[in-house]
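Dropping a prediction and its sequence here:
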Amino acid sequence: MEQGFFFFGDERYVPLDHADSNALMAKKALFDPLHISEKQVFTVDTSLEPDEAAYDYQKKIEKHFAVKEPQFDLVLLGLGDDAHTASLFPETDVINIDKAGVTDVFLPGKKVFRITFTAPLINRAHHINFLVFGSSKADAVRHVLHDDKDYYKYPAQLIQPVDGDVVWFMDEAAAMEIKK
């Protein structure tokens with residue numbers, strides 16, 4: 001049986017054992033219960049400076065795939081109530097990056113750094129799935145799916161696979177404002 005490998009499309013710039021770490025959350029909720037080996041999980045080294053952590057993670061991905069232009073089989077994304085996905089937040093410079101890769105992004109309103117895949121890297125995936133739950137996301141879902149393109153306000157609109165598909169999985173509350 002072929003084993004899977006897991007990468008993080010975004011990570012908060014906190015130690016990996018911090019309560020806000022995406023890696024820790026995934027370890028507790030998914031990797032440990034499914035007995036997934038640590039050798040299959042590639043985490044962001046948040047002990048480095050943010051720009052160095054992004055560069056290091058990009059190199060880990062390239063080394064694993066043994067190519068300069070990696071393509072993921074599946075990327076799972078969420079959606080924030082502000083229409084962000086991964087760490088592609090409204091009104092940040094990361095929205096303008098047109099090169100596939102990993103970068104750091106500073107969120108002025110929260111005064112924190114995050115490490116994220118760029119939209120072009122996400123868009124290379126064979127399959128992209130959005131998992132969206134809760135009424136607090138309904139307005140963002142409507143903007144992303146039905147409004148005119150405005151990536152600066154609705155960064156999730158950037159997700160448009162080059163040669164793949166996007167599937168949205170939502171509960172009724174998140175989907176309540178979608179036009180039929």
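On my side now, so go ahead.

longest helix anywhere in the chain?
Taking DSSP state H as the criterion, the chain has its longest helix at helix 50-65.

May I see the buried residues of it?
Across helix 50-65, burial judged by 16 or more other Cβ atoms under 10 Å covers 50, 53-58, 60-61. The C-beta positions use only the backbone N, C-alpha and C, and glycine is treated the same way.

which strands and helices sit next to it?
Helices and strands touching helix 50-65, by 3 or more Cβ pairs under 8 Å, 6 or more residues apart in numbering; DSSP states H and E, are strand 41-42, strand 102-107, strand 112-117.

if we go to 6 Å?
The contact analysis (3 or more Cβ pairs under 6 Å, 6 or more residues apart in numbering; DSSP states H and E) places helix 50-65 against strand 102-107, strand 112-117.

D81 is nearest to which of these?
Nearest to D81, of all those, is strand 102-107, at 14.7 Å by Cβ to Cβ.

want to throw the buried residues of helix 50-65 into JSON lines with pLDDT?
Formatted as JSON lines, those follow (pLDDT from 0 to 100):
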{"residue": "P50", "pLDDT": "98"}
{"residue": "A53", "pLDDT": "98"}
{"residue": "A54", "pLDDT": "98"}
{"residue": "Y55", "pLDDT": "98"}
{"residue": "D56", "pLDDT": "98"}
{"residue": "Y57", "pLDDT": "98"}
{"residue": "Q58", "pLDDT": "96"}
{"residue": "K60", "pLDDT": "96"}
{"residue": "I61", "pLDDT": "96"}
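
Closest to I122 out of those?
I61 (12.3 Å).

who touches that closest one in this structure?
By Cβ atoms under 6 Å, 6 or more residues apart in numbering, the contact set of I61 is P70.

Distance of F8 relative to L76?
Using Cβ to Cβ, to the nearest Å, we find F8 at a distance of 10 Å from L76.

Give the residue from the two that has the larger number of neighbours.
More neighbours surround F8 than the other of F8 and L76, with 20 against 14 (other Cβ atoms under 10 Å).

OK, contacts around the more buried one?
F8 sits next to 22, 44 when contact means Cβ under 6 Å, 6+ apart.

any idea how far it lies from H35?
19 Å.

now swap in S136 and tell me
S136 is 33 Å from H35, by Cβ to Cβ.

And those two? Which one has more around it.
Comparing S136 with H35 by other Cβ under 10 Å, the one with more neighbours is S136, at 11 against 6.

Report the secondary structure state of the residue lying closest to the more buried one once chain neighbours are set aside.
Nearest residue to S136, sequence neighbours excluded (Cβ to Cβ, 6 or more residues apart in numbering): D81, at 4.7 Å. Secondary structure, DSSP: H, G, I helix; E, B strand; the rest coil: D81 is coil.

what's the neighbour count on D81?
Applying other Cβ under 10 Å, we find 14 residues neighbouring D81.
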